[in-house]
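Peer 1: Quick one: sequence plus predicted model below, questions after.
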Amino acid sequence: MRISGLIFSTCILALLAGCSSNGERTDVQVEETADVLYNRAAKALDDGEYIAATRDFEEVERQHPYSKWATQAQLMAAYAYFEGERYDEAVMSLDRFIELHPGSSDIDYAYYLKALCYYRQISGVERDQGMSQDALTAFESLIRRFPDSRYTRDATLKRDLVVDHLAGKEMEIGRYYLERNHLNAAINRFKSVIEKYQTTSHTAEALHRLVEIYVTLGLQNEATQVAAVLGYNYPGSSWYERSYALLDPQQRQLVEDERGLVERSIESLLRPE
């Protein structure tokens, strides 16, 4: 009984010491100064050891919540998650940082990094575009809140790429419907590109596809109106040449001569069905 009691006591002491019976270190975190934790985390980040970096950055906040290192460590933990491609954790950390430190000098960077988390996860146009929409919302939030931020220019460029990507998805769906002769569904998709994404590289094709559909349906007036808009905005494009070839001589003359037709055509084009 005395031997058993000794073994039991030894095990308890080992657990209290933060060690297992074979001498390996357990998950018990030794109390350390904020600067030691932060500097070790920063080195781990530089070395690409992102899990270790996030652990130590988070320990700074846990052990020293009121130190001068705590706020920056919270943001750096989110960045380490980001670099480690753990985007969900990064977004949660950034949302918490934004909520707790709205007046931080780095708040614009937090918004920017959150947008990048979504941006890095954007897939091809053949996939669901929920992540693209999240990225668009996040970039627009940064641009609206911090128009003079040093991150806004890059955010604007990436926002435009996301918009072009979303337009590409609409075009892909529209072409899918067109190939299967679901013409009303295709019209709605191409009109969506023209209405929502008119500054993208896909607008000229969307206009041409509408001309193509209207000619197929025998809607000559509608085909002429859309061709006028296409010719006015993209006079030298191959899409205009293709639409022009679909028109009869009378329609071509209208497109060429009646510039006033364009304004009326745009209003008609964007009018709900």
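Peer 2: Here it is on my side, so go on.
Peer 1: my guess is Ala70 contacts Arg62, does it?
Peer 2: No. Using CB atoms under 8 Å, Ala70 makes no contact with Arg62, being 9.1 Å away. C-betas here are computed from N, CA, C, even on glycine.
Peer 1: between those two, which one's more packed in?
Peer 2: Neighbour count, other CB atoms under 10 Å: between Ala70 and Arg62, Ala70 has more, with 17 against 12.
Peer 1: quick one: contacts for that one?
Peer 2: 34, 60-61, 64 (CB atoms under 8 Å, 6 or more residues apart in numbering).
Peer 1: Neighbour-wise, which one of these leads?
Peer 2: Result: Val60 is most packed of the contacts of Ala70 (other CB under 10 Å), 28 neighbours.
Peer 1: Distance check, that residue against Leu45.
Peer 2: According to CB to CB, to the nearest Å, Val60 and Leu45 sit 13 Å apart.
Peer 1: same check, this time on Phe82
Peer 2: 11 Å.
Peer 1: State the mean pLDDT of the helix or strand Asp56 falls within.
Peer 2: Per DSSP states H and E: Asp56 is located in helix 50-63. Rounded to a whole number, the mean pLDDT of helix 50-63 is 93.
Peer 1: Can you give the contact residues for that helix?
Peer 2: 29, 31-32, 34, 37-38, 40-42, 44-45, 67, 69-70, 73-74, 76-77, 80-81, 83-84, 86, 89.
Peer 1: Which of those residues fall within helices?
Peer 2: 34, 37-38, 40-42, 44-45, 70, 73-74, 76-77, 80-81, 83, 89 (DSSP state H).
Peer 1: give me the number of residues near Arg86?
Peer 2: Neighbour tally, Arg86, other CB under 10 Å: 18.
Peer 1: Where does the prediction get shaky in the chain?
Peer 2: Where the chain drops to pLDDT under 70, the residues are 1-30, 124-128, 257-273.
Peer 1: all helices of it, in order?
Peer 2: 2-16, 34-46, 50-63, 70-83, 87-100, 107-119, 130-145, 152-179, 183-196, 203-216, 220-233, 238-246, 249-257, 260-270.
Peer 1: How far off centre is the third one?
Peer 2: With CA atoms, centre = their mean, to the nearest Å as the basis, the distance from the averaged C-alpha position of helix 50-63 to the chain average is 27 Å.
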